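Novice: I'll drop the sequence and a predicted model, then ask my questions.
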Amino acid sequence: MIDQIKDLQERINASIIGQEELVESLIIGLITEGNILLEGLPGMAKTRAVNTLSKVMDIDMNRIQFTPDLLPSDITGTEIFNPDAEDGNSFSFKRGPIFTNLVLADEINRAPAKVQSALLEAMEEHQVTVASKTYKIDPFFMVIATQNPIEQEGTYPLPEAQLDRFMMKIVIEYLTTEQEEKMLELVRGEVSSASKNSKEPINKKVIFDLRDQLNAINVSEAINKYIVRIIDATRFPEKYNEELKKYINIGASPRGSIALDKASRCMALMKGKDYVDTDDVREVCHRILRHRVSLTYQANADKKSADEIINELLKAVPV
């Protein structure tokens, strides 16, 4: 199983230069059944990464371009009137693009709140309710949403309740000059899709087996306390570092504790271990907490980012 995880990582990294953390996070999301929010400038290979994942895994993917005129039914589906129905039921449900394995919600902050909220039930419950009827979504399901950090005019920032439903937030930075040179070589050398994808796709049963293995990863009482104290430090920073109190407005919810536990266990699993240590927790901590820690006006005035605050929290919480 571990070899197949490494094979999956290598095959995606071969098409995406310099985004190892993004690829690793996508795999963690698949194994832990978590949704991911990607933030980065245009052209940073966000869509390409998701497309590559769907091809390597041979799973269905739907891309939804969020725009201000989008309706909730454009995502979930709607009831269609059929007067010629032989069974006497004049209405039938036409499924929307949410009914797939992988949903790419492109520029999610461009759609109004009513449309954004159409994703909430699917993300949390893996089901959709339309006209008082509930429709189940495939067990192999993940939402990957993207947003542009610089274009704020005409956008609808995600509310805290929806942000909290994303397991991780990944911030995609510029490539180094060396990585960009490799990227140019990759684009020049790309061959036809038929030969590029000559390897057999990885069966999604592998992911279901890994989900079973995830439950067997040991988490000691000390690691439990460490995770809880990190979350507690986001809520009551003065207990750990008096200086941080002026920078944190709202801390992480219990959903943050669950996400940190799952991601830590998955990180241990991907390393081939059967137990979690503090390094596993710290490796995923920023991805889990950066969108759950609400900063004060003072933090913005002092140009403190969420990642910098989390760094200070990790220093303050005893290992």
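Specialist: Cool, the structure landed. Numbering: from 1, shown residues only.
Novice: Identify the single longest helix in the chain, thanks.
Specialist: Assignment by DSSP state H gives helix 254-270 as the longest helix of the chain.
Novice: Quick check: buried residues in that helix?
Specialist: 256-270 (16 or more other CB atoms under 10 Å). Placement of C-beta: from N, CA and C, glycine included.
Novice: Go through the residues you listed and name the one nearest K199.
Specialist: For the buried residues of helix 254-270, the residue nearest K199 by CB to CB is M270; the value is 20.2 Å.
Novice: pLDDT score for that closest one?
Specialist: pLDDT, M270: 92.
Novice: what about the stretch 101-250 of the chain, any weak spots by pLDDT?
Specialist: 151-154, 190-198 (pLDDT under 70).
Novice: let's see 80
Specialist: 131, 149-156, 189-199 (pLDDT under 80).
Novice: Dead centre of the protein: give me the residue that sits there.
Specialist: Computing the C-alpha centroid of the chain and ranking residues by CA atoms, centre = their mean puts I36 first, at 1.0 Å.
Novice: phi, psi of that one?
Specialist: When read as degrees, to the nearest 10, the backbone of I36 gives phi -130, psi 140.
Novice: Chain neighbours aside, what residue packs nearest to Q116?
Specialist: Closest residue to Q116 apart from its sequence neighbours, by CB to CB, 6 or more residues apart in numbering: Q162 at 5.9 Å.
Novice: my bad, N218
Specialist: Y275 (4.3 Å).
Novice: Isn't the one you found up against A222?
Specialist: No. Counting by CB atoms under 8 Å, Y275 stays clear of A222, with 11.0 Å between them.
Novice: what's stretch 101-108 in contact with?
Specialist: Residues from elsewhere that reach stretch 101-108 (CB atoms under 8 Å, 6 or more residues apart in numbering): 37, 47, 50, 53-54, 59-66, 97, 116, 119, 122, 138, 140-148, 158, 204.
Novice: Mind giving me the PyMOL select for these, buried ones only?
Specialist: Buried residues within the contacts of stretch 101-108, by 16+ other CB under 10 Å, are selected in PyMOL with:
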select buried, resi 37+47+50+53+54+59+61+62+63+64+66+97+116+119+122+140+141+142+143+144+145+146+147+148+158+204
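Novice: Could you list which of the contacts of stretch 101-108 belong to helices?
Specialist: Applying DSSP H to these, the entries found in helices are T47, V50, L53, S54, Q116, A122.
Novice: Can I get stretch 122-129 in CSV, CA atoms only?
Specialist: C-alpha atoms of stretch 122-129 as CSV (Å, rounded to 0.1, in the frame of the first residue of the first chain):
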residue,chain,number,x,y,z
ALA,A,122,-22.4,17.5,0.1
MET,A,123,-19.1,18.3,1.7
GLU,A,124,-20.1,17.3,5.2
GLU,A,125,-22.8,14.6,4.7
HIS,A,126,-22.0,13.3,1.2
GLN,A,127,-25.6,13.8,0.2
VAL,A,128,-27.8,16.4,-1.5
THR,A,129,-31.4,17.3,-0.6
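Novice: quick one: the strands in the stretch 1-150 of the chain?
Specialist: Using DSSP state E, counting those that start in this stretch, the strands of the stretch 1-150 of the chain run over 36-40, 61-65, 77-81, 91-95, 102-106, 127-130, 133-136, 142-147.
Novice: which stretch among the ones you listed comes nearest K245?
Specialist: When the strands of the stretch 1-150 of the chain are compared by CB to CB, strand 36-40 sits nearest K245, at 26.6 Å.
Novice: For that closest one, name the packing helices and strands.
Specialist: Counting contacts by 3 or more CB pairs under 8 Å, 6 or more residues apart in numbering; DSSP states H and E, strand 36-40 is packed against helix 20-32, strand 142-147, strand 168-172.
Novice: That one to helix 20-32, inter-axis angle?
Specialist: If you take axes from the mean of the first three to the mean of the last three CA atoms, to 10 degrees, strand 36-40 sits at 160 degrees to helix 20-32.
Novice: what comes into contact with strand 36-40?
Specialist: Here strand 36-40 makes contact (CB under 8 Å, 6+ apart) with 22, 25-26, 29, 46, 108, 142-149, 158, 163, 166-173, 291.
Novice: partners of it in the sheet?
Specialist: Strand 36-40 pairs in its sheet with strand 142-147 (parallel), strand 168-172 (parallel), by DSSP bridges.
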